[in-house]
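Student: Sequence plus the predicted model coming up.
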Amino acid sequence: MAASSHNPFPRSPNPSTRSYDSSSVSSATSPRPQVQLLGNLMSSNARPNTSQTPQPIGIPPMPPATQTGFQPYTPVTATSVMGRDSLPPTESVASTPGLSSAQLSANVSAQKRAYRQRRKDPSCDACRERKVKCDATETASCSECSSRNVKCQFTKETNRRMSSIKQVQDLEKQIERVRRENSNLRRTLSERGEPMDIEVEGADQSPQQLLPELNSEPRRRKRAANLLQDPSRARVAFRNFSKGVLKPPAPYRQPQATLVAFNHPRPPLPSQVTVDRLLNTYYGAAHIMMPILHWPTLQHQVEELYQNTTDLQRVPISWHSMFFAVLAVGSLFSNDPYHDRTVRASEFLEASRSLTDPWNNDFDLDNVRASFLISLALNELNLKSAAWTWLGTAVRSAQDLDLHLEVVGVRSRVEADMRRRVWWAIYTLDRILSMELGRPFMIDDADCDVALPEPFDDHFLHTEGPIRPPNVAPLTHFLHSIINIVRSYSAMRKAFSSPIIEPPRLATFDNYFISCQKMFPEACEANNDSPIAPHMLMPLAYLLSSRLLLHRHNLAPGCPPEARNDAIQQCKITAIETANLLARTNATLTDTATALLVTHIFRSTLFLLLTGCYELATTCLKALKSIDVRRDVVVPCGRFLACFTQILATKQRELLTILPRSTTPGYPPQAVLPDPRAVRDALSKDEELLIYVSADMQASIETSWVWIGAEREAPFTTPLSSIGGGLMHPDNRTGLSSEERKDWRGWDNLIDLTMSLASGTPSPAPNYTPRAQTLPPIKVEQGVNLLGGVPAEVGSSRNSPTAVGTASGSRSTERISIANII
């Protein structure tokens with residue numbers, strides 16, 4: 001018989017005409033060496049050839065069309081039927097010593113099933129016409145076709161139908177292999193810094209491709225190629241004649257002295273003592289997270305400002321506006337009384353706004369800083385839509401200055417690093433506000449290639465470069481840690497576009513957040529018991545909030561029940577870690593908490609209440625109580641929590657009367673509560689409670705489900721406030737009237753209500769599983785006195801030690817039944 005290599009007709013490349021191993025169609029009486037038979041019995045497979053064949057019996061079902069993640073398919077091999085390996089012929093099995101009769105019968109049965117299964121393997125067209133055995137393999141033609149020099153192919157309708165499942169499986173493997181190769185190629189190009197000219201759909205990208213490496217520089221964008229000759233002559237003429245037509249890039253622009261300056265009356269300056277105090281507050285609250293100012297330079301400029309307070313026109317108006325915005329942010333974190341700090345911050349914000357030219361066409365770095373700081377202050381005042389608008393101004397003016405691009409024309413190292421810091425601070429606030437409000441990002445990662453800021457504090461940054469004394473920490477602010485966290489938001493937003501985030505993708509994000517947490521001090525770890533300073537919670541709020549928002553996405557009604565339950569448990573874990581961190585703070589959060597931290601504590605409290613962790617929920621409530629009106633978002637959060645707790649208590653009481661209680665046949669029902677785990681499970685599946693727990697997910701039209709069908713209801717109108725809005729009035733900042741700010745009865749009432757929930761169904765300690773039921777009450781009968789004392793009746797005063805010996809004489813003749821003793 002000729003070898004298959006001499007066949008002039010190679011195997012058809014059509015996947016639907018793939019051939020199979022000839023051993024799969026051999027009969028049971030085919031001769032087989034005894035060594036091979038013994039090897040089959042000693043190994044897990046019947047023979048070493050593991051070629052894949054389509055099995056009509058035992059093939060796993062195909063994945064549903066709605067499945068988002070690719071699930072690798074594990075094929076059933078030719079030597080396996082329904083997960084069992086085929087065995088050698090009966091004669092060989094019977095001759096093998098050491099096998100029992102039961103094993104022999106099982107082997108014979110499995111062998112017969114394997115033989116019938118192998119008979120269903122398809123043959124090529126030529127072998128089917130000649131009705132001979134086909135021994136084609138995956139890579140070679142069968143011996144029959146090779147000897148006749150014909151093309152070995154599978155085109156018969158029967159064979160094509162029988163191999164359709166195999167064809168789909170092969171295509172899936174090929175697609176997965178191509179995806180894996182593309183992923184490796186993209187990663188290689190990204191590491192080399194080479195641009196990719198192909199368009200990649202975000203749906204096909206894995207989280208590993210979207211999540212950046214920690215502290216990695218953004219990919220550089222394309223730049224124009226260098227000319228072979230010097231364009232200095234054309235540059236001079238171009239700069240002159242392009243005026244009014246275009247503006248050169250920001251590093252190459254020249255100031256235009258012919259423009260009319262924006263002259264506005266300068267607001268009066270506060271006292272220097274007040275300024276020094278507010279600058280100190282600003283440094284401890286905002287600068288340690290977003291150092292957009294070079295602090296030694298700012299201190300020097302403030303000293304020069306107060307040397308001559310009569311001639312304020314000498315100060316650039318953009319710097320003056322930025323200076324008042326700094327004082328406004330510092331006022332919000334000062335230890336002044338609530339009314340004084342809010343009024344002062346509003347006055348400084350109004351002064352900064354009045355010095356902003358709405359028709360400005362030439363921006364500088366202080367214009368960008370002023371818009372950013374105003375947006376930051378408005379966010380702390382709970383005016384999020386106004387903060388979103390001012391942030392848009394900061395983003396566009398920053399892009400006008402090319403802050404989103406790494407430029408080489410900046411002559412000072414300090415100025416270059418300040419440009420990077422300002423841009424990354426704007427990027428951070430854009431990510432945070434977008435995720436909080438459920439709105440699209442204003443900054444696209446693909447448009448930016450600015451480098452990360454230098455890892456040095458302001459005191460070590462100089463014009464020529466950083467200078468760091470030995471044995472001194474080079475970096476004390478948290479900007480780099482925050483940047484690593486918020487850079488994952490682009491991948492999170494792509495994940496949120498799917499109805500459900502699959503567990504592998506969630507695990508990828510969790511591993512990334514674990515890496516981010518390692519960048520914080522060891523005291524911030526969850527398994528650490530050492531106290532931490534309150535200001536450490538502000539950067540940690542970015543990490544904890546990101547984890548909770550990620551897993552909370554699977555609370556949507558379209559997710560399976562298992563995914564929703566896992567989401568609740570993961571959010572509970574983050575909430576427990578948050579409560580433990582709050583308990584470890586060595587000072588109050590009165591003047592250090594940010595709006596982001598308050599909002600995260602609010603979300604954590606919701607999940608702790610839902611899952612029955614009432615003691616930890618009380619810890620969060622006490623933290624919110626210590627902040628109270630110092631952040632305008634706290635009172636609305638407390639009012640929401642009070643409503644949720646009341647509804648939760650009502651549903652809990654209903655469940656206590658509905659859920660079954662364990663009883664013993666022949667005995668009356670017990671006067672005990674149902675299993676706390678059953679109560680919590682029922683509460684966690686309540687759709688109304690899940691709507692409340694989702695909280696600000698209902699603020700976006702893409703993620704909300706509580707408003708479905710609201711268009712059919714009558715329009716709901718609220719009376720307008722007769723006092724008005726503005727920064728000064730709390731109605732505008734809290735969204736509540738004076739009556740609504742008091743109708744929830746304050747924090748003490750909320751804490752008492754939470755403790756009453758704990759008394760109804762006690763919250764178990766971590767890793768503690770409560771008993772499913774208590775022992776049944778003792779049934780007493782007449783005649784016997786146990787241990788010579790007066791028997792105590794469960795549920796009566798006789799259970800107490802003081803009741804011994806005081807029972808009536810009629811109970812002295814009671815005895816305990818044998819059934820109860822057992």
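Tutor: Noted; the coordinates are in hand. Residues are numbered from 1 along each chain as shown.
Student: Name the nearest residue to Thr588, ignoring sequence neighbours.
Tutor: Among residues not flanking Thr588 along the chain, Ser626 sits closest, at 5.0 Å (C-beta to C-beta, 6 or more residues apart in numbering). Backbone N, C-alpha and C define where each C-beta goes, glycine included.
Student: pretty sure that neighbour contacts Thr590?
Tutor: Yes. With contacts defined as C-beta atoms under 8 Å, Ser626 counts as touching Thr590 at a distance of 5.5 Å.
Student: ok, those two, which is more surrounded?
Tutor: Ser626 (19 against 14; other C-beta atoms under 10 Å).
Student: All the helices of the stretch 451-600 of the chain, in order from the start?
Tutor: 479-486, 489-496, 503-517, 537-552, 561-584, 595-610 (DSSP state H, counting those that start in this stretch).
Student: what's the answer for the stretch 601-750 of the chain, then?
Tutor: With DSSP H, counting those that start in this stretch as the criterion, the stretch 601-750 of the chain has helices spanning 614-627, 634-658, 676-684, 687-694, 730-734, 746-760.
Student: measure the residue nearest to Thr588 to Thr463 for me?
Tutor: As defined by C-beta to C-beta, to the nearest Å, Ser626 lies at a distance of 44 Å from Thr463.
Student: and the next element down the chain from the helix or strand hosting Glu129?
Tutor: Using DSSP states H and E, Glu129 maps to helix 125-130. Using DSSP H and E, the next helix or strand after helix 125-130 towards the C-terminus is helix 143-148.
Student: Mind exporting the C-alpha coordinates of that following helix to CSV?
Tutor: Extracted in CSV, the C-alpha atoms of helix 143-148 (Å, rounded to 0.1, in the frame of the first residue of the first chain):
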residue,chain,number,x,y,z
SER,A,143,-4.9,4.2,2.9
GLU,A,144,-7.7,3.4,0.5
CYS,A,145,-7.5,6.9,-1.1
SER,A,146,-3.8,6.9,-1.1
SER,A,147,-3.5,3.6,-2.9
ARG,A,148,-6.0,4.8,-5.5
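Student: helices and strands around that helix, which ones?
Tutor: helix 125-130 (3 or more C-beta pairs under 8 Å, 6 or more residues apart in numbering; DSSP states H and E).
Student: What average pLDDT does stretch 216-236 get?
Tutor: Stretch 216-236 comes out with an average pLDDT of 76.
Student: mind checking how far the residue nearest to Ala328 when sequence neighbours are not counted is from Pro267?
Tutor: Nearest residue to Ala328, sequence neighbours excluded (C-beta to C-beta, 6+ apart): Phe348, at 3.7 Å. Distance of Phe348 to Pro267, computed by C-beta to C-beta: 9 Å.
Student: and Gln570, how many neighbours?
Tutor: 19.
Student: got a list of what it touches?
Tutor: Residues near Gln570 by C-beta atoms under 8 Å, 6 or more residues apart in numbering: 506, 547, 551.
Student: I'd like the residues you listed laid out as TSV, including distance to Cys516, pLDDT and neighbour count.
Tutor: Shown next, in TSV, are these (distance: C-beta to C-beta, whole Å; pLDDT from 0 to 100; neighbours: other C-beta atoms under 10 Å):
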residue	distance to Cys516	pLDDT	neighbour count
Leu506	15	94	21
Arg547	10	96	23
His551	16	96	23
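Student: Switch these over to CSV; also include distance to Leu171.
Tutor: Listed next are the contacts of Gln570 as CSV, based on distance: C-beta to C-beta, whole Å:
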residue, distance to Leu171
Leu506, 28
Arg547, 37
His551, 34
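Student: Quick check: of those, which lies closest to Cys127?
Tutor: Closest approach between the contacts of Gln570 and Cys127, by C-beta to C-beta: Leu506, at 50.7 Å.
Student: Before I go, just wanted to say thanks for your time.
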